[in-house]
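[1] Generate coordinates for the sequence data below:
(chains A, B and C)
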Amino acid sequence: MKGVLTRFSDPDLGRSVLAEIQGKAEAIGRPLTFMEVCGTHTAAYSFTGLRDVLDDAVRLRSGPGCPVCVTPPGDIDRMIALAGGDHITCTFGDMMDVPGSGSSLRKERARSGRVRIIYSPDEALQLARGHHDGETVVLLSVGFETTAPAVSSVLRRAAAEDRTNLRVFSAHRLLLPALRVLLCDPEVNLDGLILPGHVAAVLGRAAFEFVGAEAGIPAVVAGFEVIDLLCALDCLLDMVGRGEVAVKNRYGRAVREMGNPAARGVTSRVFEQCDVQWRGLGTVRGGGLRLREEFAAFDAAPLVPDDEVGDADPPEQCRCGDILRGQAEPGDCRLFARICNPLRPSGPCMVSREGACSTYYRHHREESLHG
Amino acid sequence: MVEEPELVEMAHGDGGRATRELIDGLFMPAFEEEHLSASDDAAPIAELSGEWMVSTDTFVVSPSEFPGGDVGKLAVCGTVNDLAACGARPVFLTAGFVLEEGLSLQLLRRVVRSMASTASADGVRLVAADTKVVGRGSGDGVYINTTGLGQTMPGVELDAARIVPGDRIIATGYVGDHGMAVLTHREGFPFSVPVTSDCASLWPAVETMLSDAGDAVKFMRDPTRGGIATALKEIAEQVPVDVILKEEDIPVRDPVRSAADMLGLDPLYLANEGNLLIVVHEDAGERVVSSLRSRRGVTAPRVIGEVVEGSGAVRAVTSLGGTRDLGLFAGDPLPRIC
Amino acid sequence: MCLAVPAEVISLDQGVARVNVGGSVGTCFVDAVPEVEVGDYVLMHAGYAIAILSISEAEETLRLLKEAYGEGSSDAVLGSGPGPIGPG
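    The predicted model follows:
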């Protein structure tokens, strides 16, 4: 890989930058709370040990950027029901173990053997092409602005070849509208925001400019390598130190001011925005994507069996709603690790591998339980 | 003249002529074992003296053939390594085959030959075998159970109860190769990852090491499904102690790391089939690593961590000096997009 | 919410690229980055390119770090670092 790109995972550079930002945090003199909006950032800050080493000087809180966590139980059950149907179902690995009210994709695979884990949505199209018997292939599609272009591209190609045996179930959500809802909440009490670098690669830095105005706190667009994670914190600490409110870009190699219009164009040819439910946030106007009319033939929704779809609410003590809004940490929830764990999750933040509770369960269980 | 069948058929399992032809034509020539006979129900093996250990395991990997090996090689190495991890020289092996109707006989022939050559490389003798056929769609090709009998090396005392704070943890090779090779070799995966399974017998390395290092070696485990993290978690909880790993010291091949980044996987949880975790006395770390170097099956011997006082936690110290817990894994590592 | 990695474009054919990701070679769709050229690095998510990585911007980000930490850390920031990823 190109030399300069490898610098972003250089441990020596990482250690130097870490020492510097620990100094800056100390100089500010009070504990700070930043929210990493994106579940992939939550995983990265934990995986690199950064969350642990910053400890109390800088608390990192997880936000609503976990597409599986914010998918309502009804949609989860619909997707699992689809997997039980008389066709091949493709899914990304993230969804396999998410429990619905009665089953899961893993269980459906055990029952029928017709659930396939894929890495790229194009694999679903390849499978559909390979089925000369016309057997239908259904793609369960979960993700944010980053994933929508890839799925749209697949559908455009499918349409171009008049394919009739490919369907998509869209559980796509859009982070930007949800972020607006989140920041309107008067209870949100943060010193800064770490913005999702790959959503920003599609949308552009400018799309997040409203954060400064509406929330009055500094924000930084961040990448995911060790140096990116550190650089983002460095930038936020600088802004906090100066009392500056702005939205800065520290992932310049991937994020342009206006993002990638071609990628947005690919998405908008196939999908349109719609109002949807987000677990933890309620209805988010324009917070979801549905297939446009011309692509209706590719919609898997009509294939969902007509049975009553369960709508199990998490137990009263489940604090996922607060956790998704950054107002609590997994350790604050009394169910965490005592009753709620990845094998028997009580709420959505534990079900997804990207969810805050799932990440903390794997990497910070001891501190979360014992403070 | 009857044409030789190309696929396993139900008749191959019914004990009659077809079964006899399968055994005589495919299994027997591969194993060349005088005690292995198609007609006896049991065979005498030897007069056994000393302490013996027995281990059994069943191998169901799919696909049956993958870069670096196949289910047959895996079935031999898996049981050999389980015996080696207990300080026992693998001597005898039995094999039970469950074959799916429709399995290619060519594939079966390759698998059986692979088993035979893997076993003979360590002087292990296959002394009993059985084969059954199941209907199409039940057996995923070929399932193999192997049971191994091994003779404990004299003077060896491997016991988790001997593990104390200060002990060092050694890994003999790059982690996650097998898991990554199998996962990315599945049909339709759009990338070609240049990694082969590390499937290998570690008996020769163990034999030399135990002869050289004596009782500095306290305990061993071969980390298969669930990776080194799961195996270490089991050891930590058993004693109990805490285990602290240094991430930068854990050997991971570059293509495995890159592919793991792409797929959102943690190499510490990916399966190994030619790796051994060894707990040694705190002063013996480098000495044991040296004695392991350039032994067959050993690819990257390193001290990767140490034992500290505790109650069963496993933690990894990252390059930034922070720590993250390594818990028991819930389920297979699955490729993610988020 | 999205795992994406740098992927080096080694060949192009009508919106489909063959890419190298740290030694693994495979397919990446590039219809969202129509100006991509062989030799570019794209940001690949689920086998799809969502952006072309800018080497000059990468250097700029590292330069900002160097500026922040002064001359003393210049070697650490922009100087000799690890070489390209070699064989395992």
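
[2] Spell out which parts of the stretch 101-250 of chain A neighbour chain B.
    Contact residues, the stretch 101-250 of chain A versus chain B (CB under 8 Å from any CB of the partner chain): A:106, A:116-120, A:122-123, A:126-127, A:143, A:147, A:226. (Glycine included, C-beta is placed from N, CA and C.)

[3] can you redo the residues you listed as TSV with secondary structure and pLDDT?
    As requested, these are arranged in TSV below (DSSP: H, G, I helix; E, B strand; the rest coil; pLDDT from 0 to 100):
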residue	secondary structure	pLDDT
A:106	helix	87
A:116	strand	93
A:117	strand	93
A:118	strand	94
A:119	coil	94
A:120	coil	95
A:122	helix	97
A:123	helix	96
A:126	helix	96
A:127	helix	95
A:143	coil	94
A:147	coil	97
A:226	helix	96
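
[4] Now the buried members of those residues.
    Neighbour counting by 16 or more other CB atoms under 10 Å in any protein chain shown classes A:106, A:116-120, A:122-123, A:126-127, A:143, A:147, A:226 among those as buried.

[5] Out of the residues you listed, which is nearest to residue A:173?
    Lowest distance from residue A:173 to these (CB to CB) belongs to residue A:143, with 7.9 Å.

[6] out of the residues of the stretch 101-250 of chain A next to chain B, which one sits closest to chain C?
    Relative to chain C, the closest of those is residue A:120; by CB to the nearest CB it sits at 2.8 Å.

[7] Does the closest one touch residue A:147 like I think?
    No: using CB atoms under 8 Å, residue A:120 makes no contact with residue A:147, being 10.6 Å away.

[8] Now for the two: what residues contact both?
    Contact criterion CB atoms under 8 Å, 6 or more residues apart in numbering or on different chains; residues shared by residue A:120 and residue A:147: residue C:46.

[9] Now do the buried residues in the biggest strand by length in chain C.
    Of all segments of type strand in chain C, defined using DSSP state E, the longest is strand C:5-13. For strand C:5-13, burial by neighbour count (16+ other CB under 10 Å) applies to C:5, C:6, C:7, C:8, C:9.

[10] Look up phi and psi at the closest residue to the second one other than its chain neighbours.
    Setting aside the residues directly before and after it, residue C:6 is nearest to residue C:41 in space (CB to CB, 6 or more residues apart in numbering or on different chains), at 4.7 Å. In terms of degrees, to the nearest 10, the main-chain angles of residue C:41 are phi -110, psi 130.

[11] ditto for the one 10 residues further on
    Listed backbone geometry of residue C:51 is phi -170, psi 160, with angles given as degrees, to the nearest 10.

[12] shouldn't it be in contact with residue A:255?
    Yes: counting by CB under 8 Å, residue A:255 is a contact partner of residue C:51 at 7.5 Å.

[13] which residues do these two both contact?
    What both residue C:51 and residue A:255 touch, as defined by CB under 8 Å, 6+ apart, is the set residue A:201.

[14] domain parsing for the chain?
    Just going to use chain A. A:3-67+A:177-249, A:73-174+A:260-303, A:320-370 (automatic domain parsing).

[15] um, chain B though
    What automatic domain parsing lists as the domains of chain B is B:10-42+B:50-152, B:160-325.

[16] what residues are up against the residue nearest to residue C:6?
    Counting by CB under 8 Å, 6+ apart, residue C:41 makes contact with A:1, A:2, A:5, C:6, C:7, C:8, C:9, C:52, C:53, C:55.

[17] The same query, at a cut-off of 10 Å, please.
    Shown in contact with residue C:41 (CB atoms under 10 Å, 6 or more residues apart in numbering or on different chains): A:1-2, A:5, A:253-254, C:5-9, C:19-21, C:49, C:51-55, C:58.

[18] And residue B:250, by the same measure?
    Residue B:250 makes contacts with B:171, B:174, B:175, B:176, B:228, B:267, B:268, B:300, B:302, B:304, B:305, B:316, as judged by CB under 10 Å, 6+ apart.

[19] which one of these is nearest chain C?
    The closest of those to chain C turns out to be residue B:174 (CB to the nearest CB; 6.5 Å).

[20] Wait, that closest one touches residue B:273, no?
    No: in terms of CB atoms under 10 Å, residue B:174 does not count as a neighbour of residue B:273; the distance is 11.8 Å.

[21] Residues that sit against both of the two, list them.
    With CB under 10 Å, 6+ apart as the test, residue B:174 and residue B:273 both reach residue B:198.

[22] Neighbour count for those two, which is higher?
    Neighbour totals were compared for residue B:174 and residue B:273, and residue B:273 leads with 27 against 22 (other CB atoms under 10 Å in any protein chain shown).

[23] so that one touches residue B:199, yeah?
    Yes: look at residue B:273 against residue B:199 with CB under 10 Å: they come within range, at 4.1 Å.

[24] ok, back up a step: please tell me which one of the contacts of residue B:250 counts the most neighbours.
    Busiest of those [other CB under 10 Å] is residue B:176, holding 31 neighbours.

[25] residues touching that one, list them.
    Contacts here follow CB under 10 Å, 6+ apart; on that basis residue B:176 touches B:183, B:195, B:198, B:223, B:227-228, B:250-253, B:256-257, B:259-260, B:265-272, B:275, B:333.

[26] Inside helices: which ones of those residues?
    Those of those mapping onto helices are B:183, B:227, B:228, B:256, B:257, B:259, B:260, per DSSP state H.

[27] which residue ranges form the helices in the stretch 201-350 of chain A?
    With helices called from DSSP state H, counting those that start in this stretch, the stretch 201-350 of chain A shows them at A:210-215, A:226-242, A:261-270, A:320-324, A:348-351.

[28] which one of the buried residues of strand C:5-13 is nearest chain A?
    Nearest to chain A among the buried residues of strand C:5-13: residue C:6, at 5.5 Å, using CB to the nearest CB.

[29] just to revisit the earlier point, quick one: buried ones out of the contacts of residue C:41?
    Among the contacts of residue C:41, those buried by neighbour count (16+ other CB under 10 Å) are A:1, A:5, A:253-254, C:5-9, C:19-21, C:49, C:51-54, C:58.
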